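Trainee: kindly generate the corresponding structure for this input.
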Amino acid sequence: MLSRVAENIYWMARYIERAENTARIIMVNTHLLLDMPKGEQLGWKPIIQILDCQQPFLECYDDFTGRNVLKYLISDPDSQNSILFALQMARENARTIRDIIPREAWEHINDLYQIAKRNAISGYSKKGRYDYLKQVILGAQTMTGLLAGSMLHDIGYDFLRMGRNLERAEMTTRIIDVRSANLLPEHDGLTPFGNIQWMSVLKSLTAYQMYRRTYQVRIRRPDVLKFLLKDKKFPRSFFHALLEVKHCLLNLPRNEEAIILLNDVGKKVLRADQAILKQIELHRFIDALQLGTANLHNAITRIYFQ
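Mentor: Here you go, the predicted structure:
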């Protein structure tokens, strides 16, 4: 397979996952603002922090009002962090590899982009936001399922899975880091504030019901961190995403460097004791994981795409 084709597949998967994750975060924050008690000022700034785009946002807007943040993250033509930009890039990568992926997949991502572009303004209002974001999420999930069910599970599909899971792993760490730190001050013991805080973290990753099935206890910070970072069975946990990337790398040549980097990150996760990590320690730990996934991405790019 040509390195150019492998790179297009890899980035198509990353951008589809990015569009879905961005839509999920906006939807959960919308619900969270309605659930919070009076006196707690959360706003929309944490969403910009999760996506690490404060500087480009402030180059376009003066403040973090809901309207500004929603426009920037849904369809602003000057934003490279918007849902529409991610879908546009996924569509462009899919267009260049139409002979590799099923025709239905190309038609679906093209239709999803056109629909998201045409209806973007409805995502700004409370009335139309849920339906718009739900359409993006279901469209991305349909694309993932369509590719899984009809694309050859060859080397190309390995690059697709690597792109999707690296993007997923990175977003999981961002949500844990910023939501747990910034949405609410850290409270001691079980309080309504802490319960809502960690429930929001779980719901951002569609992990709430699976967490309850796994632990069958009230929501607790150490258990949530353990579930989202270490669980081997939940598809959106950080460690599960790493395992998926490793399975793909094992099918590829010249994989020694990338697997060593991946194993180092995996060991950091498994050795960490989330029960004793306070917020500042958690932030440093998450930084180390993000650096590890960035190094892994760079290694994959250097080995297979350049």
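
Trainee: which sections of the chain are below the confidence cut-off?
Mentor: 35-42, 178-194, 274-277 (pLDDT under 70).

Trainee: care to break it down by domain?
Mentor: Per the record, the chain has its domains at 1-151, 152-306, by automatic domain parsing.

Trainee: make JSON lines out of those and add mean neighbour count.
Mentor: All C-beta atoms are positioned from the backbone trio N, CA, C, and that covers glycine. Putting those into JSON lines (neighbours: other CB atoms under 10 Å) gives the following:
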{"stretch": "domain 1-151", "mean neighbour count": "18"}
{"stretch": "domain 152-306", "mean neighbour count": "18"}
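
Trainee: show me the residue at the heart of this protein, geometrically.
Mentor: What sits nearest the mean C-alpha location of the chain, by CA atoms, centre = their mean, is residue 171, with 3.5 Å.

Trainee: just give the nearest non-adjacent residue to that one, would you?
Mentor: Sequence neighbours aside, residue 21 is the residue nearest to residue 171 in space, at 4.6 Å (criterion: CB to CB, 6 or more residues apart in numbering).

Trainee: tell me which element residue 139 is part of?
Mentor: Assigned by DSSP states H and E, residue 139 falls within helix 126-150.

Trainee: which residues does that helix contact?
Mentor: By CB atoms under 8 Å, 6 or more residues apart in numbering, the residues outside helix 126-150 that reach it are 16-17, 19-20, 23-24, 26-27, 30, 70, 74, 83, 87, 101-102, 104-105, 108-109, 112, 115-116, 119-120, 122-123, 157, 160, 164.

Trainee: same check, this time on stretch 259-266
Mentor: Under the criterion CB under 8 Å, 6+ apart, residues 239, 242-243, 245-246, 249-250, 289, 292-293, 295-296, 299 lie in contact with stretch 259-266.

Trainee: chain center to that stretch, what's the gap?
Mentor: Computed by CA atoms, centre = their mean, to the nearest Å, the separation of stretch 259-266 from the middle of its chain amounts to 20 Å.
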